[in-house]
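Trainee: task: produce atomic coordinates for the following.
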Amino acid sequence: MSEVNEGDFDLLRAAFAVAQAAREAGDHPFGAILAGPDGSVLMRQGNGYRAEGQDMTAHAERVLATRASKAHRPEFLAACTMYVSAEPCAMCAGAIYWSGIGRVVYGQSEADLKRQTGAHDENPTLDLPCRVVFAAGQRVVDVVGPLLADEAASLQEGFWEEKRVSHGKHDLAVLNTLTVQSFVQVLGGVFEHAPWVAEAAAAARPFASIDDLHAAMFGQILAAPRSTQLAFLRGHPELAGEHARRSTLAAHSAAEQSSLGLDQPNPAIAETFDVLNADYRAQFGFPFIICVRRHTLGSIVSQFRARMLRDAATEMVQALTEIGHITRLRLAGLVEGKGEDPLAGWLSTHVLDTGLGRPAAGMSLELVALGEVGEQVLGRFETNHDGRTQAPILPKGEMRIGLYELRFDVEAYFAARKSATPEFLGVVPIRFRVSDPQSHYHVPLLVSPGGYSTYRGS
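Mentor: I've put the predicted structure just below:
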């Protein structure tokens, strides 16, 4: 390390104050100061990522070097010192070199910063010592650092973890490194009103896959005393209940129930669920729990009625099993990493005109979900030149257990082609049941003006 001057500590701490101000303003916690030959502060600069419209190059040192180069000649800057909260990256070191600044004093090393921040999209730390960059140049830049490294590192404390918590999916490898508090902040809502599950599971890190993470979390529920399990079950909301209709559900539950319109049910559906909810709770002492994302509306009502015929012990096991499905899907939406896709199934069709011996292009069809509470049209499609739909009828993530019907408008197809006896067949319905939302269901139609057939394809 080069010689440390008497005033370096105060000026470096002044750069720390600039970094803290940048953080409080919503930007990245980095700051820089340019001091003149006499030690007076000439310029201050905080990180400008947010202020400059998400400019990835708006590092405090780079921006300050640019400002300095515009304001002063290299001959003057050669006697100046830049104080920075963290070691200049290769880009910033280059800017400092070209500006003519003669001395740099930094707090936290780039290597230590990388260990602390991890791999964040907004700060993919470039771990190349600035001394290496300067050594490749044709003039000398004096470097002092790391200095006051612990104080410098405290500026970053919690910042990047908070940003990971608030943005999209979370990398499993990063979750393995978070503090327990931040880990719970990310995953505390996966198990309904039970952040203690994530807190207890954090001790089992690191996890190699999302399945391992889920097993550790779900294991906390399974290992809990029956009284704790029962209290946990009672903390779940009713389907299409008061909380759903008043939009006071927890975030995960709100999204799940709204996916089937249970937050705004029509009067008939609302009445059906009111009766079922009351009867179920009276019989078992906790609300009916089912993984909504794995079932159609009709299937949920059927399951409601079937499960009320069971004994309490069997039903409690089933409720916990459903929670396993619910929480695994929630983790799949929150965490990026290895693991089995919990909703890998999809639905497709292929229509063949057997009279002409070719794919039936241009045939209209619709998919309907059936059940006691009526039918819901899930989509309308048209076959392409190959007799298939352009995209899966139900893509991955949208397959649900339930009774369905594909309705093919055969009459319109043959009428448009002036085929013989187009009036014989109208809309051809194919009714089928999905029992495994992780499987591929292929429902083809082989059709001619005089008849049709189908089978479970692949």
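Trainee: all strands for the stretch 151-300 of the chain, in order.
Mentor: 170-171 (DSSP state E, counting those that start in this stretch).
Trainee: please enumerate the helices of it.
Mentor: For the stretch 151-300 of the chain, applying DSSP state H, counting those that start in this stretch gives helices covering 159-165, 172-175, 180-187, 195-201, 210-223, 226-234, 242-245, 251-258, 267-284, 297-307.
Trainee: pull out the buried residues from the last one.
Mentor: By neighbour count, and taking 16 or more other CB atoms under 10 Å as the criterion, the buried residues in helix 297-307 are Leu297, Gly298, Ser299, Ile300, Val301, Ser302, Gln303, Phe304, Arg307. (C-beta placed from N, C-alpha, C; glycine too.)
Trainee: ok, the third one next?
Mentor: Judged by neighbour count using 16+ other CB under 10 Å, the buried positions of helix 180-187 are Ser182, Phe183, Val184, Gln185, Val186, Leu187.
Trainee: hmm, back to that, can you put the helices of the stretch 151-300 of the chain in CSV and add distance to Ala153 and mean pLDDT?
Mentor: Below are the helices of the stretch 151-300 of the chain laid out as CSV (distance: least, CB to CB, whole Å; pLDDT from 0 to 100):
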stretch, distance to Ala153, mean pLDDT
helix 159-165, 11, 65
helix 172-175, 18, 91
helix 180-187, 17, 89
helix 195-201, 26, 96
helix 210-223, 28, 97
helix 226-234, 39, 97
helix 242-245, 44, 88
helix 251-258, 33, 88
helix 267-284, 53, 96
helix 297-307, 52, 97
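Trainee: next, format those helices as CSV and append distance to Leu77.
Mentor: Formatted as CSV, these follow (distance: least, CB to CB, whole Å):
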stretch, distance to Leu77
helix 159-165, 31
helix 172-175, 39
helix 180-187, 41
helix 195-201, 52
helix 210-223, 52
helix 226-234, 64
helix 242-245, 64
helix 251-258, 52
helix 267-284, 73
helix 297-307, 71
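Trainee: could you tell me the angle between the longest helix along the chain and helix 180-187?
Mentor: In the chain, assigned by DSSP state H, the helix with the most residues is helix 312-334. Interaxial angle, helix 312-334 versus helix 180-187 (axes from the mean of the first three to the mean of the last three CA atoms, to 10 degrees): 100 degrees.
Trainee: which other helices and strands contact the very next helix or strand once past helix 312-334?
Mentor: Downstream of helix 312-334, the next assigned helix or strand under DSSP states H and E is strand 335-336. In terms of contacts (3 or more CB pairs under 8 Å, 6 or more residues apart in numbering; DSSP states H and E), strand 335-336 is packed against strand 170-171, helix 172-175.
Trainee: so which of the ones you listed is the most surrounded?
Mentor: helix 172-175 (a mean of 19; mean count of other CB atoms under 10 Å).
Trainee: chain center to it, what's the gap?
Mentor: 13 Å (CA atoms, centre = their mean, to the nearest Å).
Trainee: now swap in stretch 343-361 and tell me
Mentor: The answer for stretch 343-361 is 34 Å, by CA atoms, centre = their mean.
Trainee: and that stretch, average pLDDT?
Mentor: Here stretch 343-361 scores 94 as its mean pLDDT.
Trainee: got the contact list for the residue nearest in space to the middle of the chain?
Mentor: Computing the C-alpha centroid of the chain and ranking residues by CA atoms, centre = their mean puts Lys169 first, at 2.9 Å. By CB atoms under 8 Å, 6 or more residues apart in numbering, the residues touching Lys169 are Gly333, Leu334, Val335, Glu336.
Trainee: from Glu199, how far off is the last one?
Mentor: Look at Glu336 and Glu199: by CB to CB, to the nearest Å, they are 22 Å apart.
Trainee: where does pLDDT dip in this protein?
Mentor: Applying pLDDT under 70 to the chain flags residues 1, 118-121, 161-168, 419-422.
Trainee: closest to Leu147 out of the helices and strands packed on strand 335-336?
Mentor: Among the helices and strands packed on strand 335-336, the nearest to Leu147 by CB to CB is helix 172-175 (29.0 Å).
Trainee: what's that closest one packed up against?
Mentor: Looks like helix 172-175 contacts helix 180-187, helix 210-223, strand 335-336 (3+ CB pairs under 8 Å, 6+ apart).
Trainee: is it correct that Pro449 is in contact with Leu425?
Mentor: Yes - if you go by CB atoms under 8 Å, Pro449 and Leu425 touch, sitting 7.0 Å apart.
Trainee: please enumerate the shared neighbours of the two.
Mentor: Phe414.
Trainee: before we move on, back to that, quick one: the residue nearest to the centre of the chain from Val144, how far?
Mentor: Counting by CB to CB - Lys169 and Val144 are separated by 41 Å.
Trainee: on that earlier part again, list just the nearest of the buried residues of helix 297-307 to Ser458.
Mentor: Lowest distance from Ser458 to these (CB to CB) belongs to Ser299, with 23.5 Å.
Trainee: what's the closest non-adjacent residue to the closest one?
Mentor: Spatially, and ignoring its direct neighbours in sequence, Ser299 is nearest to Gly402 (3.8 Å; CB to CB, 6 or more residues apart in numbering).
Trainee: doesn't the one you found belong to a strand?
Mentor: Yes - assessed with DSSP: H, G, I helix; E, B strand; the rest coil, Gly402 lies in a strand.
Trainee: so it sits against His295, correct?
Mentor: Yes - counting by CB under 8 Å, Gly402 touches His295, with 6.1 Å between them.
Trainee: can I get the helices and strands packed on helix 172-175 in JSON lines with distance to His236?
Mentor: Listed next are the helices and strands packed on helix 172-175 as JSON lines, based on distance: least, CB to CB, whole Å:
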{"stretch": "helix 180-187", "distance to His236": "18"}
{"stretch": "helix 210-223", "distance to His236": "12"}
{"stretch": "strand 335-336", "distance to His236": "22"}
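Trainee: of all those, which one comes closest to Ala32?
Mentor: Nearest to Ala32 among those is helix 180-187 (28.0 Å), distances taken as CB to CB.
Trainee: show me what that closest one is packed up against.
Mentor: Going by 3+ CB pairs under 8 Å, 6+ apart, helix 180-187 lies up against helix 159-165, helix 172-175, helix 195-201, helix 312-334.
Trainee: same thing but 10 Å
Mentor: helix 159-165, strand 170-171, helix 172-175, helix 195-201, helix 312-334 (3 or more CB pairs under 10 Å, 6 or more residues apart in numbering; DSSP states H and E).
Trainee: could I get those as TSV with distance to Ala78?
Mentor: Shown next, in TSV, are the helices and strands packed on helix 180-187 (distance: least, CB to CB, whole Å):
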stretch	distance to Ala78
helix 159-165	34
strand 170-171	44
helix 172-175	42
helix 195-201	55
helix 312-334	52
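Trainee: nearest to Ala240, out of those?
Mentor: So among those, helix 312-334 is nearest, using CB to CB, at 16.4 Å.
Trainee: between that closest one and helix 226-234, how big is the angle?
Mentor: Going by the same axes, to 10 degrees, helix 312-334 makes 60 degrees with helix 226-234.
Trainee: report the buried residues of helix 312-334.
Mentor: Neighbour-count burial for helix 312-334, counted by 16+ other CB under 10 Å, picks out 315-316, 318-320, 322-332, 334.
Trainee: just the CA coordinates for it, please, in PDB.
Mentor: Taking C-alpha atoms only, helix 312-334 is exported to PDB below (Å, rounded to 0.1, in the frame of the first residue of the first chain):
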ATOM      1  CA  ALA A 312     -61.500 -36.400  10.300                       C
ATOM      2  CA  ALA A 313     -58.100 -38.100  10.400                       C
ATOM      3  CA  THR A 314     -58.100 -38.900   6.700                       C
ATOM      4  CA  GLU A 315     -59.200 -35.400   5.800                       C
ATOM      5  CA  MET A 316     -56.500 -33.800   7.900                       C
ATOM      6  CA  VAL A 317     -53.900 -35.800   6.000                       C
ATOM      7  CA  GLN A 318     -55.500 -34.800   2.700                       C
ATOM      8  CA  ALA A 319     -55.500 -31.100   3.700                       C
ATOM      9  CA  LEU A 320     -51.700 -31.300   4.500                       C
ATOM     10  CA  THR A 321     -51.100 -33.100   1.200                       C
ATOM     11  CA  GLU A 322     -52.800 -30.300  -0.600                       C
ATOM     12  CA  ILE A 323     -50.700 -27.800   1.300                       C
ATOM     13  CA  GLY A 324     -47.700 -29.600  -0.100                       C
ATOM     14  CA  HIS A 325     -48.900 -29.000  -3.600                       C
ATOM     15  CA  ILE A 326     -49.800 -25.400  -2.900                       C
ATOM     16  CA  THR A 327     -46.500 -24.500  -1.400                       C
ATOM     17  CA  ARG A 328     -44.400 -26.300  -4.000                       C
ATOM     18  CA  LEU A 329     -46.100 -24.300  -6.700                       C
ATOM     19  CA  ARG A 330     -45.500 -21.100  -4.800                       C
ATOM     20  CA  LEU A 331     -41.900 -21.900  -4.500                       C
ATOM     21  CA  ALA A 332     -41.700 -22.600  -8.300                       C
ATOM     22  CA  GLY A 333     -43.000 -19.000  -8.800                       C
ATOM     23  CA  LEU A 334     -40.500 -17.500  -6.400                       C
END
